[in-house]
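Colleague: Here is a sequence together with a model predicted from it:
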Amino acid sequence: MYRIVWGPKKDRSTSRARSVHEFGGGRVAATDISYPKSSSQSASRAIFFPDRAYGWGSDRPDYLPAGKTWLLQTGKNDLHLGCGKIRLSDPATLRHVLATTTAKRPAGVYDGTRTTLYEGSTTIGELFRLNPRLWVADLQKPTGPYASYARLPVKWRLWLGADQLVRRCQTRYDEPDSLWNVKDRRVTTADVRFSGWGDPIDIKPPPAELVATRDELVFPDED
């Protein structure tokens, strides 16, 4: 389960979700994520595989053909366990983050496991070096005109069990509202809790008879 809060202090937005991840070959092989209905959005669900994704929404769009409730999209997907700007499923990134620890102490029990809390701070540039897919601002790389973003700090907290598996993660990242407005800041905080490590997971696509491809979508004729 995770919660993300982002935006300027005066107008922040919150997103909550629950997800299940299936591992295979030492990496995330599939993800099933659900977003509950809120005041600003309808309930939705998405199932991701490395080469395709399926989407569902409680507000069924009119362009889906009769009898279909899911939409298939093909293409490569970047499957990972994330906590804000940090990819926890990347061993090199996790090692780097823990190497920046500035405080460590016994903490609470999560997922039935007593944990140790690690705290520290890294930078966007260091995380980008390990993850070239990392973006800042409006889907930009922290290079070129956005090179100054590489120096921005990412504060983090990790709760690890005795087995060294993450049970909870919190991050905070502040960035300028834009290249032309560096006074106002957009703040993004993430709070992610993990449970069920090692549970047998078998994520399957939705029933084929409920899935529409993009070629099957029905749009009204335009005059």
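Modeller: Everything's here; your move.

Colleague: low-scoring stretches of this structure, by residue?
Modeller: 1-12, 39, 221-223 (pLDDT under 70).

Colleague: can you map out the helices along it?
Modeller: 91-99, 124-130 (DSSP state H).

Colleague: Generate a markdown table for the ones you listed, with distance to Y146 as supplementary columns.
Modeller: Backbone N, C-alpha and C define where each C-beta goes, glycine included. Formatted as a markdown table, those follow (distance: least, Cβ to Cβ, whole Å):
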| stretch | distance to Y146 |
| --- | --- |
| helix 91-99 | 20 |
| helix 124-130 | 9 |
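
Colleague: Any chance of JSON lines for the ones you listed, columns mean neighbour count and distance to P207?
Modeller: Below are those laid out as JSON lines (neighbours: other Cβ atoms under 10 Å; distance: least, Cβ to Cβ, whole Å):
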{"stretch": "helix 91-99", "mean neighbour count": "15", "distance to P207": "36"}
{"stretch": "helix 124-130", "mean neighbour count": "18", "distance to P207": "39"}
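
Colleague: Of these, which is nearest Y173?
Modeller: For the helices of the chain, distance to Y173 was read as Cβ to Cβ. The smallest value, 7.6 Å, belongs to helix 124-130.

Colleague: Summarise which helices and strands that closest one is packed against.
Modeller: The helices and strands touching helix 124-130, judged by 3 or more Cβ pairs under 8 Å, 6 or more residues apart in numbering; DSSP states H and E, are helix 91-99.

Colleague: Show me what the helix it packs on is packed up against.
Modeller: By 3+ Cβ pairs under 8 Å, 6+ apart, helix 91-99 packs against strand 86-87, strand 113-123, helix 124-130, strand 153-161.

Colleague: if we go to 7 Å?
Modeller: strand 86-87, strand 113-123, helix 124-130 (3 or more Cβ pairs under 7 Å, 6 or more residues apart in numbering; DSSP states H and E).

Colleague: roughly how far is that helix from the heart of the chain?
Modeller: 18 Å (Cα atoms, centre = their mean, to the nearest Å).
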